[in-house]
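Asker: Could you work out the structure for the sequence below:
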Amino acid sequence: MLPRPLLLALFLLAGLPLVVGIFVPGVAEFGGWATLGVFAIALLDLAASPRLALVRVERDSKDVMSLGARNPVTVRLRNGNRGTITVEVHDEPPAPSSAPDLPHAIELPSGRTRYFVYHVEPHRRGRARFGRLFLRCRSRFGLWTLQDERAAEQPVQIFPDIQAVKGVELLARRNRLAEAGVRLSRLRGRGTEFDRLREYRREDEYRSIDWKATARHQELISREYAVEKNQNLLLLLDCGRSMCNELEGISHFDRALNAALLLGYVALRQGDTVGILACSNRVERWVPPVRGIGAIHKLIRQVYDLEPRYEASDYELMVENVRRRYRKRSLVMLMTHALDEVHLAAITTRVRRLRTPHLVLTAFLQNVPLQERLHRIPRSDVEAFQVAAAAELVAAQSLQVAQLEQSGLLVVDTLPEQLSADLVSRYLDIKARHLL
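Answerer: Predicted coordinates:
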């Protein structure tokens, strides 16, 4: 318990006669009695106040939370005191994280159970835990702040943003993937398995027209074939120091991991096989190929605690592991961030070796501060030199990316926040064009 400002003010007023009594005899005795009276009132206030020990509190939270998302946590309280009290509740969420809804004040009637919901936004993946719960209320006369704490440790796993996967699933069921930034290919599947007949569209090939159905319906009808299934997708995650860069508090690696899981979910939903290889200067994680829509949970459990390391990535090691572990033709997607043209050249030299037998797509995360500097209007000579230097760096990297595309590799050069949508769009386009 802690004294409130009101109690301190009462003691101060009661003590003033003691000070005056130094100069005026007889007043000090009145001050002593006044101080004893305030002390008695404070003790009476404590005796008449509710007991926080009689308040039962429980936290209800999921064992798994999503990184950077608003995860709900429910706190239930039951008042065992005779009267209604107002309790202020605080919690220790997993660190590091933010909980803007705390502390929360709630009114508890006698013998009744109440609850409230607050949200936690974790800032780091991996294993974490909730800590203690703190209760605080005022005494009956408002002279004291009563406090109590409860040991309520609870382990929790911080996964990548799996709520984005759920959101895409809902949009896919409603045929509204464009709302998630996914650009659906206008070309339909070119597999050999017939799927359905539909109205002819302007982008359809003439050879897809079903002339018998056209004559029967007196309008152009096209044949649509099912997209090939049971193909292989291997996701390569760069865990080196270049992926430690952050934008708006989220590292490049976290964005790449979120994109990999979202893309893996889409591929599993398409009936393909998905594997993940994460490398820095060593193999950080190898997830063997899985299949089936339910396998997305296995992928998440296998990689949720991955972290980038401040080490130079060994792309030679990455390529050798792919060639040894994944010999069947696959779509290999590497997600990385090139620091400069030298780093980019080191990546492209190794990745070219995967062209046989694989179809390789390299996704480069753009340097956002460099792009912002490039498009800034200079206001001084120094800023003009900075803009020119940024333009030279971007031009050199763009030239290397163009050369990489000319060598037969697919390339996605995108902003970090657009990585997920761009990769899913490109994957669907590859499937529709039957490139694999």
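
Asker: Where does pLDDT dip in the chain?
Answerer: Scanning the chain for pLDDT under 70 picks out 161-195, 203, 225-227.

Asker: Kindly list the longest helix within it.
Answerer: In the chain, taking DSSP state H as the definition, the longest helix is helix 381-406.

Asker: same for the helix or strand that it is followed by, what does it pack against?
Answerer: Heading C-terminal from helix 381-406, the first helix or strand you meet, by DSSP states H and E, is strand 410-414. The contact analysis (3 or more Cβ pairs under 8 Å, 6 or more residues apart in numbering; DSSP states H and E) places strand 410-414 against strand 359-365, helix 381-406, helix 419-433. (Glycine included, C-beta is placed from N, CA and C.)

Asker: if we can go back for a sec, ok, and for the longest helix of the chain, which residues are buried?
Answerer: Buried residues in helix 381-406, defined by neighbour count with 16 or more other Cβ atoms under 10 Å: 387, 390, 393-394, 397, 400-401, 404.

Asker: With stretch 360-369 instead?
Answerer: Under 16+ other Cβ under 10 Å, the buried positions of stretch 360-369 are 360-367.

Asker: now stretch 114-128
Answerer: Judged by neighbour count using 16+ other Cβ under 10 Å, the buried positions of stretch 114-128 are 118, 120-122, 125, 128.

Asker: Now the two most distant members of those residues.
Answerer: 118 and 125 (21.0 Å; Cβ to Cβ).

Asker: ok, then the element right after the strand or helix carrying residue 43?
Answerer: Assigned by DSSP H and E, residue 43 belongs to helix 27-48. Using DSSP H and E, the helix or strand that follows helix 27-48 in sequence is strand 55-60.

Asker: quick one: strands adjacent to that next one?
Answerer: strand 71-79 (antiparallel) (DSSP bridges).

Asker: just to revisit the earlier point, for the helix holding residue 43, enumerate the helices and strands it packs against.
Answerer: helix 5-20, strand 144-150.

Asker: just to revisit the earlier point, taking the buried residues of stretch 114-128 one by one, which sit in strands?
Answerer: Counting by DSSP state E, the buried residues of stretch 114-128 place 118, 120-122, 128 in strands.

Asker: which one of these sits closest to residue 319?
Answerer: Nearest to residue 319 among these is residue 122, at 33.9 Å by Cβ to Cβ.

Asker: Next, work out how far apart the nearest residue to residue 144 once chain neighbours are set aside and residue 152 are.
Answerer: Sequence neighbours aside, residue 1 is the residue nearest to residue 144 in space, at 5.0 Å (criterion: Cβ to Cβ, 6 or more residues apart in numbering). Using Cβ to Cβ, to the nearest Å, we find residue 1 at a distance of 21 Å from residue 152.

Asker: export the helices and strands packed on strand 410-414 to TSV and tack on distance to residue 246?
Answerer: Below are the helices and strands packed on strand 410-414 laid out as TSV (distance: least, Cβ to Cβ, whole Å):
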stretch	distance to residue 246
strand 359-365	12
helix 381-406	20
helix 419-433	14
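
Asker: right, and these - which one's nearest residue 73?
Answerer: Nearest to residue 73 among those is helix 419-433 (26.3 Å), distances taken as Cβ to Cβ.

Asker: The closest one vs strand 410-414, what angle?
Answerer: Computed by axes from the mean of the first three to the mean of the last three Cα atoms, to 10 degrees, the angle separating helix 419-433 from strand 410-414 equals 150 degrees.

Asker: returning to what we had before: I'd like the distance from the longest helix of the chain to the chain centre, please.
Answerer: In terms of Cα atoms, centre = their mean, to the nearest Å, the centre of helix 381-406 is found 31 Å from the chain centre.

Asker: Which secondary structure elements does it sit against?
Answerer: helix 341-351, helix 368-374, strand 410-414.

Asker: Can you say which of these is nearest to residue 96?
Answerer: If we rank those by Cβ to Cβ, the stretch that ends up nearest is helix 368-374, at 22.6 Å.

Asker: May I see the buried residues of the helix holding residue 43?
Answerer: Residues of helix 27-48 classed as buried under the neighbour-count rule (16+ other Cβ under 10 Å) are 31, 34-35, 38, 42, 45.

Asker: cool, stretch 4-14 as well?
Answerer: For stretch 4-14, the neighbour count (16+ other Cβ under 10 Å) marks 4, 7, 10, 14 as buried.

Asker: likewise stretch 282-298?
Answerer: 283-284, 287, 289-290, 295-296.

Asker: okay if I get the residues you listed as JSON lines plus secondary structure?
Answerer: What follows is the buried residues of stretch 282-298, written out as JSON lines (DSSP: H, G, I helix; E, B strand; the rest coil):
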{"residue": "283", "secondary structure": "strand"}
{"residue": "284", "secondary structure": "strand"}
{"residue": "287", "secondary structure": "strand"}
{"residue": "289", "secondary structure": "strand"}
{"residue": "290", "secondary structure": "strand"}
{"residue": "295", "secondary structure": "helix"}
{"residue": "296", "secondary structure": "helix"}
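
Asker: Appreciated, that's everything.
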